[in-house]
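# show me how the following folds:
(one chain, ligands or ions: 1)
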Amino acid sequence: VLFTGSEERAPVALVDCNNFYVSCERAFDPSLEHRPVVVLSNNDGCVIARSEEAKQLGIRMGAPLFTCRTVVRQHSVRVFSSNYALYGDMSARVMETLGRFSPRMEEYSIDEAFLECPRLSGACPMDWARRLRAQVARCTGIPVSVGIAPTKTLAKIAARIAKKKPGSAGVCELAAHDDIDTALAGVAVDAVWGIGRRYAELLRRRGIMTARDLKGADDGWARRHMTIQGLRTVMELRGVSCLGIEDAPPAPRSILSSRSFGSPVGDPAALREALADNISTAAEKLRGRGMLASAVQVFISTGGHGPGPHHSASLTLDLPQPISDTRELIRRGLAGFDRLYRAGVCYRKAGVLLSGLHKERARQPVLFGCRAADERSGRFMEAVDAINARWGRGAVSFAAPAQAVRAWRMRRRFMSGRYTTCWSELPLARA
Ligand SMILES: [Mg+2]
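The predicted model follows:
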């Protein structure tokens, strides 16, 4: 089915947080305003978020930190390690605020959401968007851009214009009755939502350079060369809605948690602890989605470079029945690790993949299994999750013994506080 809607359909808004990770840092440190700021990937490797000022300095997305040393020093660029506890929590607050503005919403990523514009008597969508923007700023301190259009693909483009075009004050509407071709002519075809690098190349070879060109592409050609998804994109650019708001995201098929070590680790106790930590994280996500895993895969790797012997291996263990209990997952996962580990090898990465995921209510009681034990385990894990949600991740943790084995921790030299999720790291207000 190509079409899912009618002419009566309400407009769609895309709300996009501006330079999200940087904005989270700024929300707690106003001295960062109007200054170049960057956030680094795990292990402080590459730039993954930039403030407008940092973009102006020519710092590229994905640039390794060591390639930007000079510009960082010359322009006093403020550098941060990624603080996912903070960003995740701020994202939840933004989404919670957005949820008050529309009954239908799709959380598209950590910093983007599609909302159905409610039909308000007498109020235009632009007024609604301005109120939403002001409310998010007031409740969370995060600046957002809002794009409104008849389709999701056009809403993405509108949000881009809202962010980039001076004088738009963070909101832009491409309404059905407007002449939107001028706007589309200013958008390169590879910036259209759903058009990857490979399709962009194919399109450019055919002389389709902008979103406006793509809007006018031949239906049959698009269908043949870009599948039904490509044709949907073309229709969406014409204002024909083909992609609905998906309130419930599709259930994930697996959950991965892995970690690269700041320095190579050979000590099996330290590796076991790192893996236990990964398994805890993955199991918490699993329970957060109300799911159970039927298989656990553990892997360890030295990577292909560096001195010393190289070794990469993984092992998948099927579980006798689907579970979500951290203790049982750790017990199984570490048993797998013991079979993989080679003494004398220094590893750079370890992780876990939970797969064969089912919704919890679909659990089949095992023959001769113990229901009471299952329920006790469920209540226990619920309590652990509640404590960690309230007091910060790691308040209760499993199989994490001495502090002495903390050497594997990620390099995070420039980390800000977990201001919103950890009591001991609350921001200080001075009189
Ligand atoms: Mg964004």
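# excluding covalently adjacent residues, which one is nearest to residue 414?
Closest residue to residue 414 apart from its sequence neighbours, by Cβ to Cβ, 6 or more residues apart in numbering: residue 81 at 4.6 Å. Every C-beta, even on glycine, is put in place using the N, C-alpha and C of the backbone.
# separation between that neighbour and residue 188?
Using Cβ to Cβ, to the nearest Å, residue 81 is found at 33 Å from residue 188.
# ok, the two, which is more surrounded?
Neighbour tally, residue 81 and residue 188, criterion other Cβ atoms under 10 Å: the higher count belongs to residue 81, 18 against 12.
# what does the model give the spatially most central residue of the chain for pLDDT?
For the chain, the residue nearest the mean C-alpha position is residue 110 (4.3 Å; Cα atoms, centre = their mean). If you check residue 110, the pLDDT there is 85.
# quick one, phi psi at it?
phi -60, psi -30 (degrees, to the nearest 10).
# distance between the ends of stretch 167-185?
19 Å (Cα to Cα, to the nearest Å).
# how far does the host helix or strand of residue 94 sit from the chain's center?
Here residue 94 sits within helix 84-99, counting by DSSP states H and E. Offset of helix 84-99 from its chain centre (Cα atoms, centre = their mean, to the nearest Å): 11 Å.
# what packs against that helix?
strand 12-17, helix 20-27, strand 105-109, strand 112-116, helix 125-140 (3 or more Cβ pairs under 8 Å, 6 or more residues apart in numbering; DSSP states H and E).
# weakest of those by average pLDDT?
strand 105-109 - the lowest mean pLDDT of the helices and strands packed on helix 84-99, at a mean of 88.
# pull the residues that contact it.
14, 95, 98-99, 113-116, 245-247, 249 (Cβ atoms under 8 Å, 6 or more residues apart in numbering).
# what does the stretch 1-150 of the chain put close to the ion?
By Cβ under 5 Å from the ion, the residues of the stretch 1-150 of the chain that approach the ion are 16-17, 20, 111.
# repeat the analysis, applying 8 Å as the threshold.
Proximity of the stretch 1-150 of the chain to the ion, by Cβ under 8 Å from the ion, involves residues 16-20, 109, 111-112, 145.
# can I get these in CSV with neighbour count?
Shown next, in CSV, are these (neighbours: other Cβ atoms under 10 Å):
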residue, neighbour count
16, 21
17, 24
18, 16
19, 23
20, 22
109, 10
111, 23
112, 20
145, 24
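# about what we covered before: and of the helices and strands packed on helix 84-99, who's closest to residue 425?
Comparing the helices and strands packed on helix 84-99 against residue 425 with Cβ to Cβ, the closest turns out to be helix 20-27 (13.6 Å).
# helices or strands up against that closest one?
strand 37-40, strand 47-50, strand 78-81, helix 84-99.
# if you set the cut-off to 10 Å instead, what comes out?
Helix 20-27 sits against strand 37-40, strand 47-50, helix 52-56, strand 78-81, helix 84-99, helix 125-140, with contacts defined as 3 or more Cβ pairs under 10 Å, 6 or more residues apart in numbering; DSSP states H and E.
# what's the first one packed up against?
Pointing back at strand 37-40 there. Secondary-structure packing of strand 37-40 (3+ Cβ pairs under 10 Å, 6+ apart): helix 20-27, strand 47-50, helix 52-56, strand 78-81.
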